[in-house]
Structure formats: C-alpha cells, structure tokens
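**Student:** Build me a model:
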Amino acid sequence: MTDCQESGGCRDEQIQRIYEYLDGALSAEDIEDICTHLNECETCAREYDLECVIRSAVKRSCCEPAPDELKQSILHRIDSLRDSTESTEHDHSGLGTQKPSDPTDRPMAS
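**Tutor:** Below you'll find the model as predicted:
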C-alpha cells in the first residue's frame, strides 16, 4: 500500500468519491475504482475508516430517545399552532391581516 501524500496528496475529487461511495451514490465502475484506490492509498484508507467511525457514532446517537422535556415542548408548540390556526379559520374578520406563525422563527428548547 502506498501513501498518496508522497505524490502530492489526493485531490478533493478522490476524497469526495469516498463520501459518495459511503452514501451508495457511485456506479459499479466507480465503486471498483474507489475500492482499488482505497487498497492502494493509506491516506484515503484512513479517511474512509474515520468517516465510517463518524457515521457509526451518528447512527448510534440517533437511536437515543429524545428527552421528555423536548417532547413536551414540541407537543406544546404543535397544540399552540393548531389552536391559532383553528381560531383564524373561524374568525374571518382579520382575514389577510394576520401572518401565519412560522415555527422556524422560534428558538428551540435546549
């Protein structure tokens, strides 16, 4: 196995292809090419291994349940939005004067 750092390092394109390979976004020919490169290049093989570890950690952390406080906060916001939507639907006097609330404008609970 060689190290591509000796020949000036891998190009960004090769590094990007590692990510595409992990995402399953390469053709069969490209998969063969990147696998050959990973077998020949220590630097890219380390990058691949590191990315695998990171992705594994992210997957594990996504399996942890959300805290009850966060769940309650989200449910409360949904109820508030539903209530405000229902009240605007029944009150047509202010039609066109109220701007719908945007949940992305509000800060999230920590």
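
**Student:** Can you show me the CA trace of stretch 74-84 as CSV?
**Tutor:** Coordinates of each C-alpha in stretch 74-84 appear next as CSV, following Å, rounded to 0.1, in the frame of the first residue of the first chain:
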residue,chain,number,x,y,z
ILE,A,74,-42.7,20.1,20.7
LEU,A,75,-46.2,18.9,21.6
HIS,A,76,-47.0,22.2,23.2
ARG,A,77,-45.9,24.1,20.1
ILE,A,78,-48.0,21.8,17.9
ASP,A,79,-51.0,22.4,20.1
SER,A,80,-50.4,26.2,20.1
LEU,A,81,-50.1,26.2,16.3
ARG,A,82,-53.2,24.1,15.9
ASP,A,83,-55.2,26.4,18.2
SER,A,84,-54.1,29.6,16.5
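
**Student:** Need the pLDDT of the residue nearest the centre of the chain.
**Tutor:** The chain has Val58 as the residue nearest its centroid, 9.5 Å off, counting by Cα atoms, centre = their mean. In this model, Val58 is scored at 86, pLDDT.

**Student:** any idea how far it lies from Glu51?
**Tutor:** According to Cβ to Cβ, to the nearest Å, Val58 stands 10 Å off from Glu51. Backbone N, C-alpha and C define where each C-beta goes, glycine included.
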